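Participant: Fold the stuff below for me.
(one chain, ligands or ions: 1)
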Amino acid sequence: MKVNFVDLKAQYQTIKPEIDNAISNVISNTAFVLGKAVADFEKSFASYCETKHAIGINSGTSALLMALKALQIGEGDEVITTANTFIATAEAISYAGAKPVFVDIEEKSYNMDPSKLEKAVTKKTKAIIPVHLYGQPADLDPIIEIAEKKGISVIEDSAQAHGALYKGKKTGGLAKVGCFSFYPGKNLGAYGEGGAVTTNHDDIAQKVRMLRDHGSSKKFYHEYIGNNCRLEGIQGAVLSVKLKHLDGWNDARRKNADLYRKYLKGTMVKVPEEMPYAKHVYHVFCVRVKDREKLIDFLKQKNVYTNIHYPIPIHLQNAYSFLGYKKGDFPVTEGCMDEILSLPMFAELTEEQIKYTTDCIKEFYQKA
Ligand SMILES: Cc1ncc(COP(=O)(O)O)c(C=O)c1O
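Facilitator: Numbering: from 1, shown residues only. The predicted structure is shown next:
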């Protein structure tokens with residue numbers, strides 16, 4: 001048996017006629033950049049996220065950058081986030097001209113620890129970017145409470161949490177701005193790069209719309225120095241088709257997470273916890289294990305493919321050495337670093353594949 005880490009071919013087989021037809025329509029209409037397919041998707045995605053606006057962007061990284069720019073965050077400003085995230089969260093802050101400042105995470109949720117947040121806020125702090133890591137929402141209420149008290153903005157990095165709920169409400173609409181990635185392997189993935197900004201604020205939406213298109217709302221008339229961060233027509237069309245399946249796919253991921261829990265019960269493997277305020281959508285099924293590198297090799301020999309999200313936290317990455325952080329600054333984040341392991345997770349994963357994966361894990365620890 002082979003168990004891929006993700007299997008986009010399996011997903012495509014379930015929606016092939018719809019996807020082929022949607023792509024073919026865009027090609028016939030030659031609306032390759034923005035256009036009706038993107039506008040239609042923006043409407044349905046805003047409705048899905050329970051927000052007033054959704055703006056299609058060419059990647060999740062650009063979505064974060066556009067959000068920061070729309071909030072006029074730049075040179076001399078600080079933006080707080082966590083170090084256990086994909087580097088894009090910090091890169092967007094840096095590209096906006098601001099300085100990323102990290103706070104530690106909670107052991108249970110792997111998300112920003114609100115109790116450590118206030119100490120990181122300075123006079124220069126302009127925004128906080130909690131990341132809904134692995135598909136589980138960060139504990140937003142205390143984060144927003146601190147932000148409101150200090151008069152700073154909260155931007156949700158929802159790149160891994162399409163359809164996740166915090167206290168019954170969709171991510172992306174819980175703070176001032178939400179940012180999504182539609183990288184192909186995401187719970188809602190394009191057939192190329194893609195992203196979106198969501199917001200209930202008309203002024204922010206209007207500015208992001210202009211910034212993604214060279215600071216313009218009328219061709220060749222430019223109000224701001226913007227960028228080219230437009231979503232392509234084909235991606236809009238693909239995303240509209242896939243959005244209709246998202247809840248079903250998220251339910252399947254949750255079912256798969258339960259099966260992993262069932263089959264890993266009684267082993268040394270620590271399975272993820274679902275926080276009482278959260279509906280997790282398991283973009284990543286992240287467990288904690290001992291002897292990780294040997295286990296990864298063993299599983300590979302057995303044709304089971306895993307991943308690590310993320311092997312090095314951002315404050316210890318070479319690219320960010322100039323910030324002056326050192327080992328020991330974020331003990332919870334660093335404590336996870338050598339133990340976290342992402343097991344195969346996607347909607348089409350079968351019970352047989354999960355059983356096989358967990359049997360292989362058990363075999364490894366019996367031998368060890
Ligand atoms: C938490 C997080 N933020 C931002 C991004 C950036 O998104 P993209 O790859 O679409 O630029 C990603 C993508 O992996 C992500 O996981």
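
Participant: C-alpha only now, for contacts and for neighbours.
Facilitator: Fine.

Participant: how about the helices of the stretch 201-350 of the chain, start to end?
Facilitator: Taking DSSP state H, counting those that start in this stretch as the test, the helices found in the stretch 201-350 of the chain are 202-211, 233-264, 292-301, 331-337.

Participant: residues in contact with the shortest one?
Facilitator: Pointing back at helix 331-337 there. For helix 331-337, contacts defined as C-alpha atoms under 8 Å, 6 or more residues apart in numbering pick out 83-84, 104-107, 110, 288, 310-313, 327-328.

Participant: Can you give the distance of that helix from its chain's centre?
Facilitator: 20 Å (C-alpha atoms, centre = their mean, to the nearest Å).

Participant: Averaged pLDDT, it. What do you get?
Facilitator: Averaged across helix 331-337, the pLDDT comes to 96.

Participant: just the longest one next, same as before
Facilitator: What helix 233-264 shows for mean pLDDT is 98.

Participant: Can you confirm whether it lies near the ligand?
Facilitator: No - figure legend: helix 233-264 not in contact with the ligand (C-alpha under 6 Å from any ligand atom); closest approach 12.3 Å.

Participant: about what we covered before: make JSON lines out of the helices of the stretch 201-350 of the chain and add distance to Ala120 and mean neighbour count.
Facilitator: Shown next, in JSON lines, are the helices of the stretch 201-350 of the chain (distance: least, C-alpha to C-alpha, whole Å; neighbours: other C-alpha atoms under 10 Å):
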{"stretch": "helix 202-211", "distance to Ala120": "26", "mean neighbour count": "20"}
{"stretch": "helix 233-264", "distance to Ala120": "34", "mean neighbour count": "20"}
{"stretch": "helix 292-301", "distance to Ala120": "32", "mean neighbour count": "15"}
{"stretch": "helix 331-337", "distance to Ala120": "15", "mean neighbour count": "18"}
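
Participant: So which bits of the stretch 1-150 of the chain are right by the ligand?
Facilitator: Counting by C-alpha under 6 Å from any ligand atom, the stretch 1-150 of the chain sits next to the ligand at 59-61, 85-86, 88-89, 131.

Participant: Mind putting the residues you listed into a markdown table with secondary structure, distance to Asp40 and neighbour count?
Facilitator: Shown next, in a markdown table, are those (DSSP: H, G, I helix; E, B strand; the rest coil; distance: C-alpha to C-alpha, whole Å; neighbours: other C-alpha atoms under 10 Å):
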| residue | secondary structure | distance to Asp40 | neighbour count |
| --- | --- | --- | --- |
| Ser59 | coil | 18 | 25 |
| Gly60 | helix | 19 | 27 |
| Thr61 | helix | 22 | 27 |
| Thr85 | coil | 31 | 22 |
| Phe86 | coil | 29 | 18 |
| Ala88 | helix | 27 | 15 |
| Thr89 | helix | 27 | 24 |
| Val131 | strand | 27 | 30 |
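
Participant: where are the low-confidence patches of the protein?
Facilitator: For the chain, no stretch has pLDDT under 70.

Participant: all strands for it, in order.
Facilitator: Counting by DSSP state E, the chain has strands at residues 53-57, 78-82, 99-103, 125-128, 153-157, 165-166, 169-170, 177-181, 195-199, 216-218, 221-222, 278-279, 285-288, 340-343.

Participant: which stretch among the helices of the stretch 201-350 of the chain comes nearest Tyr166?
Facilitator: Shortest distance between Tyr166 and the helices of the stretch 201-350 of the chain, using C-alpha to C-alpha, is found for helix 233-264: 14.9 Å.

Participant: what angle sits between the closest one and strand 53-57?
Facilitator: 100 degrees (axes from the mean of the first three to the mean of the last three C-alpha atoms, to 10 degrees).

Participant: tell me the angle helix 233-264 makes with strand 195-199.
Facilitator: Using the same axes, to 10 degrees: helix 233-264 against strand 195-199 is 90 degrees.
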